[in-house]
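1. how would this look folded up:
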Amino acid sequence: MKVKIICVWKSQYINVKKNWTLAPLTPHHLAALFPPDVEVSIHNEQIRPVDYNIDADLVAITYLTLSACRAYEIADQFRLRKTPVVMGGFHASAFPEEALLHADAVVVGEAEYVIQELVDDFKRKSLKKIYKSTIQHDLKGLPTPRYDLIEKEFVLPHTIQATRGCPYRCSFCSIITFNDGFRVRPIDDVVRDITSFEGRNYIQNKVLSFTDNNLIGNKKYAKELFQKITPLKKWWTSQLSLDMAYDKELMMLAAKSGCVSVFIGIESFSQESLKSVKKHHNKIADYKKAIKAFHDYGIYVTAGVIVGFDEDTKDSIRKIPEIVLELGIDLPFVVILTPNYGTELYTQFSQENRIISEDWSRYNTFTAVYRPKNMSAEELNIAFLEMWRDTHSVSKTLKRICSNSLKWNSSGFLWRFIDNSFIMSQNLLGKYPIIRSE
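-> As a prediction, the model looks like this:
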């Protein structure tokens with residue numbers, strides 16, 4: 001039996017056709033779940049177009065909401081060629097009946113406990129419509145991802161997961177919809193996955209990216225993990241919460257273990273906005289001190305910022321570029337508030353009749369799909385794009401690059417220089433976020 005896993009990709013930027021920077025983990029983890037008698041191959045649309053004339057008995061497609069329409073196009077083409085299709089991922093789990101219009105079967109939620117059943121049913125020619133586990137996996141004994149199947153074009157192919165879920169309950173976040181609570185993998189399994197990877201050059205062997213939603217959700221676990229990976233002498237990055245900055249031991253262990261870059265969800269510069277979406281653990285008064293704490297340990301900070309909260313105005317959005325500089329943020333990643341299906345925010349906006357689009361291609365976090373409180377959706381789109389251009393202008397980008405706080409830390413400064421230079425160059429080339437009118 002031959003299975004082709006297709007990871008659907010759709011750019012969030014105008015004129016960007018490929019993205020070969022970071023290899024996704026999901027398809028390679030899925031490939032490792034199939035039994036040994038199944039021949040598995042992987043195709044990432046980030047690298048090349050889909051080849052429909054492939055030798056496969058079953059096509060498995062994984063996708064997010066942004067790429068749902070593209071995933072359906074791909075599935076329809078394979079089914080026209082009489083190749084069975086199974087779909088899975090966040091969006092398929094949220095809308096299984098929609099996915100079944102384009103697939104022979106849908107995996108809802110986590111796949112670990114259902115892959116063997118799906119394979120057995122396929123061999124018997126008796127595929128079910130829905131495969132859904134009644135329990136979540138405890139994350140013990142997960143196989144090492146099929147790193148051997150990663151396309152050679154990816155610059156940073158070594159991705160890994162140590163935890164799932166997040167201990168916080170932010171109302172805009174879809175993570176808690178599909179991950180009840182916070183789970184951790186055995187640390188020895190994580191170390192095994194790190195040491196089993198062999199890159200093609202120094203950078204690939206040196207840099208490791210954790211795909212966790214909040215790597216420090218269990219601080220005791222995180223400290224033990226950092227101690228165990230210190231001898232591996234890696235440079236690593238991850239997404240985690242701002243409260244890491246308040247734990248000196250955690251910061252010291254992270255830096256010692258090779259943490260060079262973090263993505264932190266700052267979300268807003270309005271405490272009222274944070275309160276409205278249940279992000280109570282973020283305190284705006286502490287932002288500057290917290291970012292400095294990361295810098296003191298040589299750690300580069302990418303800050304996630306969201307615009308479009310009910311407290312936001314066009315004027316408050318215009319102030320963001322200057323606030324970013326004042327706080328010392330190395331790279332701001334600003335998006336528009338997006339009420340993804342299954343979140344508390346979606347339920348609220350739906351009840352208030354504020355959802356204006358269910359065209360999934362618009363759910364790219366760069367286009368307003370709801371009615372904001374203090375402006376129209378189109379005004380929010382315009383204010384966002386103007387702010388984005390200003391934030392990544394030559395002058396403000398150079399100010400971030402030349403800031404002294406990380407200047408003499410080689411790894412942190414390297415991250416700052418590469419990230420900011422890349423985004424600025426995209427800005428100069430007119431490769432802006434995709435903004436669609438109502």
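
2. Retrieve the pLDDT associated with Ser437.
-> Ser437 is assigned 65 on the pLDDT scale.

3. same check, this time on Glu39
-> pLDDT, read off for Glu39, is 98.

4. what's near enough to touch it?
-> 1-3 (CB atoms under 8 Å, 6 or more residues apart in numbering). (C-beta placed from N, C-alpha, C; glycine too.)

5. Give me the buried subset of these.
-> Buried members of the contacts of Glu39, counted by 16 or more other CB atoms under 10 Å: Val3.

6. Which one of the contacts of Glu39 is nearest to Leu22?
-> Comparing those against Leu22 with CB to CB places Val3 closest, at 23.8 Å.

7. Quick check, that closest one in contact with Ile61.
-> No. Assessed by CB atoms under 8 Å, Val3 is found out of contact with Ile61, at 11.2 Å.

8. Going by neighbour count, list what's buried in the helix or strand that contains Phe384.
-> Using DSSP states H and E, Phe384 sits in helix 377-391. For helix 377-391, burial by neighbour count (16+ other CB under 10 Å) applies to 377, 380-384, 387-388, 391.

9. now do stretch 409-424
-> So, applying 16+ other CB under 10 Å, buried residues of stretch 409-424: 409, 411-413, 415-417, 419-420, 423-424.

10. Keep only those of those residues that are in helices.
-> Of the buried residues of stretch 409-424, the ones assigned to helices by DSSP state H are 411-413, 415-417, 419-420, 423-424.

11. residues contacting Asn15?
-> For Asn15, the contact set (CB under 8 Å, 6+ apart) comprises 429-431.

12. repeat that with 10 Å
-> With contact set as CB atoms under 10 Å, 6 or more residues apart in numbering, Asn15 has these partners: 426, 429-432, 434.

13. if we can go back for a sec, intersection of neighbour lists for Val3 and Ile61?
-> Residues touching both Val3 and Ile61 (CB under 10 Å, 6+ apart): Val86.

14. For Ile418, give me the pLDDT.
-> Per-residue pLDDT puts Ile418 at 89.

15. What is the burial count for Ala31?
-> 21 (other CB atoms under 10 Å).

16. er, Glu224 actually
-> Quick note: Glu224 (other CB under 10 Å) scores 14 neighbours.

17. quick one on the thing from earlier: which among the contacts of Asn15 gets closest to His280?
-> Ranked by distance to His280 (CB to CB), these are led by Ile434 at 32.2 Å.

18. My guess is the closest one contacts Val335. True?
-> No. With contact defined as CB atoms under 10 Å, Ile434 and Val335 do not form a contacting pair (11.7 Å).

19. what is in contact with those two at once?
-> Common neighbours of Ile434 and Val335 (CB under 10 Å, 6+ apart) are 12, 364-367.

20. just the buried members of these?
-> Of the shared contacts of Ile434 and Val335, these count as buried by 16+ other CB under 10 Å: 364-367.

21. got those residues as CSV, with pLDDT, secondary structure and distance to His28 columns?
-> Compiled in CSV, these are given as follows (pLDDT from 0 to 100; DSSP: H, G, I helix; E, B strand; the rest coil; distance: CB to CB, whole Å):
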residue, pLDDT, secondary structure, distance to His28
Asn364, 94, coil, 24
Thr365, 95, coil, 25
Phe366, 96, coil, 27
Thr367, 96, coil, 30
